[in-house]
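# only geometry, no sequence info:
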């Protein structure tokens with residue numbers, strides 16, 4: 001975990017038979033699509049050679065980054081390399097449409113950790129991403145490649161049967177965070193009033209102290225990450241001043 005937070009976590013590239021991938025996606029109820037790429041025969045061979053190099057034991061490990069070096073950005077960058085920068089050029093012609101924070105919220109929609117990711121994602125999260133940078137999200141990358149004429153329409157091999165991200169409110173975590181903050185404020189005011197009553201006991205301030213300790217945990221989380229991480233997305237967080 002510490003290596004992950006410092007941006008030093010090592011992930012690896014692996015080869016998997018197509019039949020096994022289909023079984024895994026069905027077992028985990030994950031949508032699986034196939035998408036044809038607009039490659040010449042020579043470009044196709046070049047891509048195969050690069051992939052064969054990447055799965056070799058001496059080359060397979062890489063420093064993982066959740067946004068800039070993951071399982072979607074690596075094939076995107078490889079395709080851009082094979083096409084001599086054509087992916088970046090074509091996607092660069094389209095105007096940006098989302099910030100890093102908006103895409104981050106979408107990715108964690110419906111998960112308990114979503115409010116925490118909003119807390120720890122710092123100022124870089126407000127930056128508008130280029131369409132090329134949006135490619136860290138597999139679905140966005142697939143759509144962008146299709147719209148730019150670099151790939152065909154994705155064909156579903158297996159379609160998820162459970163709820164999808166589009167069925168959930170991407171701002172639910174933020175709403176829960178605001179509701180929790182208002183509840184904590186109301187409790188603090190009520191406890192403070194009791195502790196300042198006409199006959200407060202020696203332990204009257206104890207519930208208020210416990211509430212203060214509990215409310216301080218998000219602050220400790222933000223400060224702890226700022227102190228240990230090397231990632232700008234987590235380190236440049238103005239909440240440390242709050």
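Nice, thanks for sending it over. Quantities reported herein were computed from a predicted structural model and do not represent experimental measurements.
# Now the residue sitting nearest the centre point of the chain: which helix or strand?
The chain has residue 104 as the residue nearest its centroid, 4.6 Å off, counting by C-alpha atoms, centre = their mean. Here residue 104 sits within helix 100-107, counting by DSSP states H and E.
# Next secondary structure element downstream of that helix?
helix 114-120.
# tell me which strands and helices that next one is in contact with?
helix 100-107, helix 172-195, helix 206-228 (3 or more C-beta pairs under 8 Å, 6 or more residues apart in numbering; DSSP states H and E). Yep, even glycine has a C-beta here, placed from its N, CA and C like the rest.
# Off-centre distance for it?
Helix 114-120 sits 11 Å away from the centroid of its parent chain (C-alpha atoms, centre = their mean, to the nearest Å).
# any idea which helix or strand comes after it?
Following helix 114-120 in sequence, per DSSP H and E, is helix 138-147.
# Against residue 111, how distant is the closest residue to residue 106 other than its chain neighbours?
Excluding the flanking residues, the one nearest residue 106 by C-beta to C-beta, 6 or more residues apart in numbering is residue 170, at 4.9 Å. Distance, residue 170 to residue 111, by C-beta to C-beta, to the nearest Å: 11 Å.
# more neighbours, these two?
residue 170 (18 against 13; other C-beta atoms under 10 Å).
# didn't that one look like it was pressed against residue 105?
Yes: proximity of residue 170 to residue 105 meets the contact threshold set by C-beta atoms under 8 Å, at 4.8 Å.
# hey, what's in contact with both of those two?
In terms of C-beta atoms under 8 Å, 6 or more residues apart in numbering, residue 170 and residue 105 are not both contacted by any residue.
# ok so, going back, now the helix holding residue 104: mean pLDDT?
For helix 100-107, the mean pLDDT works out to 88.
# re earlier: quick one, which of the helices and strands packed on helix 114-120 is nearest to residue 1?
helix 206-228 (9.9 Å; C-beta to C-beta).
# Give me the residues contacting the closest one.
2, 5-6, 116, 119-120, 184, 187-188, 191-192, 194-195, 234-235, 237, 239-240, 242.
# So, low pLDDT: which residues of this protein?
165-167, 200 (pLDDT under 70).
# let's see it at 50
Across the chain, nothing is flagged by pLDDT under 50.
# does residue 62 sit in a helix, a strand or a coil?
strand (DSSP: H, G, I helix; E, B strand; the rest coil).
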